[in-house]
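> The amino acid sequence is not available; the structure is as follows:
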């Protein structure tokens, strides 16, 4: 499920937040953080999506080379001499496993959700929420 800005959502599972907190507006590296034992948010707590962030998959050199050579083969392969075309097909085939591995990588999507109880969850994986 893909979430959108403005969409109403609810927590899909109980969450427990643990660690330290800092006052809003202060730099994260501020040393006078408050120690917080834990905070629990119940499944079903509703809120509104304020922001959706998609982290792009990292493309290796091999994936870039596969895309370049595959494009060359698709666009001009029919005009190439048979030996050149065969060599290019061989190079594309050698890089295909890198391309397939890249395609299997999941696109990581995180969201910022303002819950109805006033809490804001930022950088939370979208899988933590369901449509309300």
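Yes, it's here. Remember, predicted model here, so these are calculated numbers, not experimental data.
> Now the one residue sitting closest to the centre of the chain: closest residue in space that isn't a chain neighbour?
The chain has residue 108 as the residue nearest its centroid, 1.6 Å off, counting by C-alpha atoms, centre = their mean. Nearest-residue entry for residue 108: residue 55, 4.5 Å, with adjacent residues in sequence omitted and distances by C-beta to C-beta, 6 or more residues apart in numbering. Just so you know, the C-beta spots here come from the backbone N, C-alpha and C atoms, and that holds for glycine as well.
> Next up, the contacts around that neighbour.
Counting by C-beta atoms under 8 Å, 6 or more residues apart in numbering, residue 55 makes contact with 107, 108, 109, 110.
> picking up where we left off before, distance-wise, check the residue nearest to the centre of the chain relative to residue 62.
Note on residue 108: its distance to residue 62, by C-beta to C-beta, to the nearest Å, is 21 Å.
> Check residue 85 too.
With distances defined as C-beta to C-beta, the gap from residue 85 to residue 62 amounts to 21 Å.
> Could you do residue 24 as well?
Here the distance between residue 24 and residue 62 works out to 43 Å (C-beta to C-beta).
> So those two - more neighbours on which side?
The neighbour comparison of residue 24 against residue 62 (other C-beta atoms under 10 Å) goes to residue 62, with 16 against 6.
> thinking again about what came up before, most neighbours, which of the contacts of residue 55?
Counting neighbours by other C-beta under 10 Å, residue 110 comes out on top of the contacts of residue 55 with 18 neighbours.
> Report the contact partners of that residue.
If a contact means C-beta under 8 Å, 6+ apart, then residue 110 has 52, 53, 55, 123, 124, 125, 126 as its contacts.
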